[in-house]
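Q: sequence and computational prediction follow.
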Amino acid sequence: MDDAPSAVVGRERELGLVAACLDQAARGDSMVLVIDGASGAGKTTLLRTAAERARAGGFLVLSAQASTVERDFAFGVVRQLLEPGVLVVPEPERRELLSGMAEPADRVLGISGGAVHDAPGPDMYATLHGLYHLAINLASRQPLLLTVDDVEQTDVCSLRWLAYLARRLGSLPVAVAMTVGAGSGWTDPTLLAGLTVDATRLTVEGLDHGGCEALIEHEFGEPPALEFTAACRSATGGNPFLVKELAKALAGGGARPTSAAAQELHDLGPAQLTRTVLTRLRARDPALAAVARAVAALGEPDLAVAAAAAELDLADAGEAVQTLLARGVFRAGRVLAFEHSIVRAAVAADLSTVDFELANARAARHLHDTGASAGQIAPYLLRTGVARGSWVVGVLERACREAMLGGAPDVAASCLRRVLREPLTEAARSASLFQLGIAELSLDPQSALDNLTEAHVRAPDPLVRADIAVMLAQELAERERYTEATELLDATASEVRSVNQDVAVRLELCSVCVSLDAHHVVSQLTDRLARIQRYDDLPPETVRFRDALLTFLAAVDGPSWVAASDAVTAAWAQRVPPRSWQGTPWDVTSGWQYVYLTISLIVTEKLELADQYCSEMLTETTALGLSLGSAASEALRAQARFRAGALADAEDDARSALAVLDEIRTGTRTATIFALSTLVETLIDRGQPDAAVVELERRALTGDLPPSWRYNYLLVSRGRLWLALGDPRRALADVLECGRRYAQRGMTGRSPLAWRMLAAVAHHALGEADAAREMAAVELAHAREWAGPVRLGVALRIAGVVAEEPEKLALLMESVCTLSSSTFRLERGWSLAELGAELVRVGRLDEAETHLRAAMEIATACGSDALVTAVRDARGGVRARHCGGGGLTPHERRIADLAVRGMTNREIAEAFLVTQRAVEQHLTRVYRKLGINRRSQLGIALQETDRGQ
């Protein structure tokens, strides 16, 4: 804080801006205001004035004062801000404020007074989201103003939440006003920059001559001479605090504000003025200086803690505090704090490193001896290495657990790093490194990986090494270091088998999961699982894990679709909700089990069960505050809903999952790639392929992709996207690459992704009829041998699209018949549209209209603009009415052929030495003559033109 509450002098412009910002927020248009300037410039006075005016205007005003000690309290500033707003309301309303999405906020605030749960607490994102919803709930009652003084000193957790809040305020009646001090020593400059980058900024400059004159007259009791005011303003830069301090010092010494006195001020400056405060304190009473130095070292302690740090009797310290309050050095409040940050900085500058550490060590010891909580003691221990002993480790470990339960991994990591500075046994050091690695996973993935690796090496117990190996292997796999992950799991399994066979089996199953995402070969996985099946007397959780993997492999590459379908249903019936998870590393295996079982449900065409399972998991993981689990549930549910034709719901789920995954910086982890692939396909069917390209470009995923399993689906989704954008050559390259990867893994027959179908369509669009029919025939043969009705129906449709008469019509009719009762509505709609288009082409218009009407009803119900366009094209006779020669000039035909081959408009323009605009005009005429409206239809239209000729 930088100045005392007083009349705002010479700040009319600044007050006008504050008023405008509050008016904006009151109208429901949120705002973030940053007040910056030098210490003592009057920032705090403006912030307090904003708060007073907001209260008068009907706002709920919640305020916090950041300080150095708050840096090490998890959500310290958040607690200052939000607790009063919740505590002042009656109990029933309080429960409502903290219900639903805001429930994780209570883990931070601790208002309900419930016992600490054994289950894992909310992770960082869940906590931020819960606190955000609490702020929304508060703002729904009346406009809300949050003020933070000296926001640069805010703890990292609170700073992260303020930035999270600021990005999501939108059209809410919420204002956030903060002061930012100048200088270094900020908690986290990057987070602070993210918070303030889009804020309205108000820079408080020095006072003008009139403002300085008013302050000087107040201290002296008489108007100052013009020259005296000018000299004071020059010496202080117009800084209000320094002007007052200078005037107070001169008046106290008997001087008068005359022209003659002005000559004595030219050597004074801010540093000299602030140092006079400490000099005056020492001269009056050493106890005053001791208390001031303790408060400068500790931040904002209470009286007892400050007395312990200053090594004073409580009564003597109390008297000193009263004097400091009376003299305006301290401000009144529940804790001890300087009235002016510029004074605090001057006193702190007089402290040596030893002074600082000893003060914090004494404070920590006093709090420990008086029974304070670990969360209260830990911030002082984090700032000193002087305090040593087993009690220090115990406090920090308890504080770490509290921080993790409260969704503050930053604080937990800080506590553990401090623990590691203590003398520890090898087992204890390994355990601390393990916990540090877990805490750092969302903060610094590389450091997390390093600490998990060291923890595994140091762990003396093989069962402990097994716990660590599960987490370490998962992180290695997410970084596509599959060989290291599988070798680690296999070696640990061999080591632990003689100690605990169940743990060894679960490690082997984890190794299978890693192999599924690597360059696995199906036969090798089958052999490994066959060996695992021979183990007897395994506990239920291990059996469920094993069965989930067996059903997944059966679903994607098993000998019988019916058998796989039955096995998947049986595995689903044995599912276990995440509320049974215990927050151990082995919950990773429960997550793997859930993902593979859900994908198996979708592959075996059980969309309703998949949707139900995902919704159950989403409810549970959200309640537990497991953001990654919630995001995975939404991503998987998006896929089920996409295939069911609920496109709007699928897009919402996919985008919601990606928002969480992006917030917790998962990069290109499996969940992100899966959610993105589903979003791309959904946007294609919604008629928004350009939006899908934007999503890919944002994540730099339009070029070559790594070889792991997770990217196969993205290759197929991209293939569909390039086809929709009229680039069949690029589409073919992607889907053939997907097929090559499956072949490398021993899946030369059918595959879980229908890459051959897309390859057939791409070949067809390129005019490569033989290749298209060959691909379609292979896929159809596999579908007839092993597939559910949906896969078979789609294979029949693709075969019909690329076939010649009379086979074409028969295949399309069989496709519609096969899909007649399918829950995959869009696939049924596409088959109806293709059959209708073919009936139009052969002149059976009445029959065609029946099918096209049904297709249009599905398209409208699903919200598929792409299918709507296809039906309209078919009704216009796109594929038949304009086949009588086409009327293309030789030049137009050459341009059209190049476009079909995949050349861009720019490349065609360069080939013909014309402008790109000229090529666009030629292609527009070509489309009009052929009766088409997009590039993806060009290859087929040219084929039909050639047949017609």
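A: Great, that's in hand.
Q: only C-alpha atoms from now on, for both contacts and neighbour counts.
A: OK.
Q: Glu357: what secondary structure?
A: What DSSP: H, G, I helix; E, B strand; the rest coil gives for Glu357 is helix.
Q: list phi and psi for Ile35.
A: Note on Ile35: backbone dihedrals following degrees, to the nearest 10 are phi -110, psi 120.
Q: what residues are up against it?
A: Taking CA atoms under 8 Å, 6 or more residues apart in numbering, we find Ile35 in contact with 43, 47, 177-180, 201-204.
Q: format those residues as a markdown table; extra columns: pLDDT, secondary structure and distance to Ala20.
A: Listed next are the contacts of Ile35 as a markdown table, based on pLDDT from 0 to 100; DSSP: H, G, I helix; E, B strand; the rest coil; distance: CA to CA, whole Å:
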| residue | pLDDT | secondary structure | distance to Ala20 |
| --- | --- | --- | --- |
| Lys43 | 83 | helix | 17 |
| Leu47 | 88 | helix | 14 |
| Ala177 | 92 | strand | 13 |
| Met178 | 90 | strand | 16 |
| Thr179 | 90 | strand | 17 |
| Val180 | 86 | strand | 20 |
| Arg201 | 86 | strand | 13 |
| Leu202 | 84 | strand | 12 |
| Thr203 | 83 | strand | 16 |
| Val204 | 78 | strand | 17 |
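Q: residues near Arg917, how many?
A: For Arg917, the neighbour count with other CA atoms under 10 Å is 12.
Q: could you say which helix or strand contains it?
A: Using DSSP states H and E, Arg917 sits within helix 916-930.
Q: against which helices or strands is that helix packed?
A: helix 890-900, helix 905-912, helix 938-948 (3 or more CA pairs under 8 Å, 6 or more residues apart in numbering; DSSP states H and E).
Q: give the buried residues for that helix.
A: By neighbour count on 16 or more other CA atoms under 10 Å, the buried set for helix 916-930 is 916, 919-920, 922-923, 926-927, 930.
Q: for the stretch 251-400 of the chain, what spans make up the strands?
A: Secondary structure of the stretch 251-400 of the chain (DSSP state E, counting those that start in this stretch): strands at 330-331, 337-338.
Q: tabulate the ones you listed (TSV), appending distance to Gln474 and mean neighbour count.
A: Below are the strands of the stretch 251-400 of the chain laid out as TSV (distance: least, CA to CA, whole Å; neighbours: other CA atoms under 10 Å):
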stretch	distance to Gln474	mean neighbour count
strand 330-331	52	22
strand 337-338	47	25
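Q: can you list these in a markdown table and add mean pLDDT and distance to Arg745?
A: Shown next, in a markdown table, are the strands of the stretch 251-400 of the chain (pLDDT from 0 to 100; distance: least, CA to CA, whole Å):
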| stretch | mean pLDDT | distance to Arg745 |
| --- | --- | --- |
| strand 330-331 | 84 | 71 |
| strand 337-338 | 85 | 67 |
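Q: so what's the gap between stretch 625-640 and the chain middle?
A: Chain-centre distance of stretch 625-640: 13 Å, with CA atoms, centre = their mean, to the nearest Å.
Q: what's the mean pLDDT across it?
A: Averaged across stretch 625-640, the pLDDT comes to 87.
Q: next, count neighbours for Ala56.
A: Using other CA under 10 Å, Ala56 has 10 neighbouring residues.
Q: name the SS class of Leu63, please.
A: To be clear, residue 63 is Ser; Leu isn't right here. strand.
Q: nearest residue to it in space, please, no chain neighbours.
A: Thr147 (4.7 Å; CA to CA, 6 or more residues apart in numbering).
Q: so which elements touch the helix or strand harbouring the one you found?
A: Secondary structure assignment for Thr147, by DSSP H and E: strand 144-149. In this structure, strand 144-149 packs against helix 43-56, strand 60-65, helix 76-87, strand 174-181, with contacts taken as 3+ CA pairs under 8 Å, 6+ apart.
Q: format these as a markdown table; extra columns: distance to Phe220.
A: As requested, those are exported to a markdown table (distance: least, CA to CA, whole Å):
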| stretch | distance to Phe220 |
| --- | --- |
| helix 43-56 | 22 |
| strand 60-65 | 32 |
| helix 76-87 | 38 |
| strand 174-181 | 29 |
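Q: most packed of the ones you listed?
A: strand 174-181 (a mean of 26; mean count of other CA atoms under 10 Å).
Q: each with direction, which strands does that one pair with?
A: In the sheet containing strand 174-181, its partner strands are strand 31-37 (parallel), strand 144-149 (parallel), by DSSP bridges.
Q: what does that strand rub up against?
A: Here strand 174-181 makes contact (CA under 8 Å, 6+ apart) with 21-22, 25-26, 28-39, 43-44, 47, 139, 143-152, 166.
Q: can I assume Phe824 is in contact with Val790?
A: Yes: judged on CA atoms under 8 Å, Phe824 makes contact with Val790 at a distance of 7.2 Å.
Q: out of those two, which sits in the busier spot?
A: Ranked by neighbour count (other CA under 10 Å), Phe824 and Val790 place Val790 first, with 24 against 21.
Q: between the helix or strand harbouring that one and helix 938-948, what angle do the directions make?
A: If you go by DSSP H and E, Val790 is part of helix 789-802. Put simply, helix 789-802 runs at 50 degrees to helix 938-948, going by axes from the mean of the first three to the mean of the last three CA atoms, to 10 degrees.
Q: for helix 789-802, packing partners?
A: Partner elements for helix 789-802 (3+ CA pairs under 8 Å, 6+ apart): helix 755-765, helix 769-785, helix 807-818, helix 825-841.
Q: got the contact list for it?
A: Outside helix 789-802, the residues within contact range by CA under 8 Å, 6+ apart are 605, 757, 760-761, 764, 769, 772-773, 776-777, 779-780, 783-784, 807-812, 814-816, 818-819, 822, 824, 827, 831, 834.
Q: mind running it again at 6 Å?
A: 773, 776, 780, 783, 808, 811-812, 815, 818-819, 831 (CA atoms under 6 Å, 6 or more residues apart in numbering).
Q: now the residues you listed in a markdown table, with neighbour count and distance to Val716?
A: Converted to a markdown table, the contacts of helix 789-802 look like this (neighbours: other CA atoms under 10 Å; distance: CA to CA, whole Å):
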| residue | neighbour count | distance to Val716 |
| --- | --- | --- |
| Arg773 | 24 | 19 |
| Ala776 | 26 | 16 |
| Leu780 | 25 | 18 |
| Ala783 | 20 | 18 |
| Lys808 | 19 | 25 |
| Leu811 | 21 | 24 |
| Leu812 | 28 | 23 |
| Ser815 | 30 | 22 |
| Thr818 | 20 | 24 |
| Leu819 | 22 | 22 |
| Ser831 | 30 | 20 |
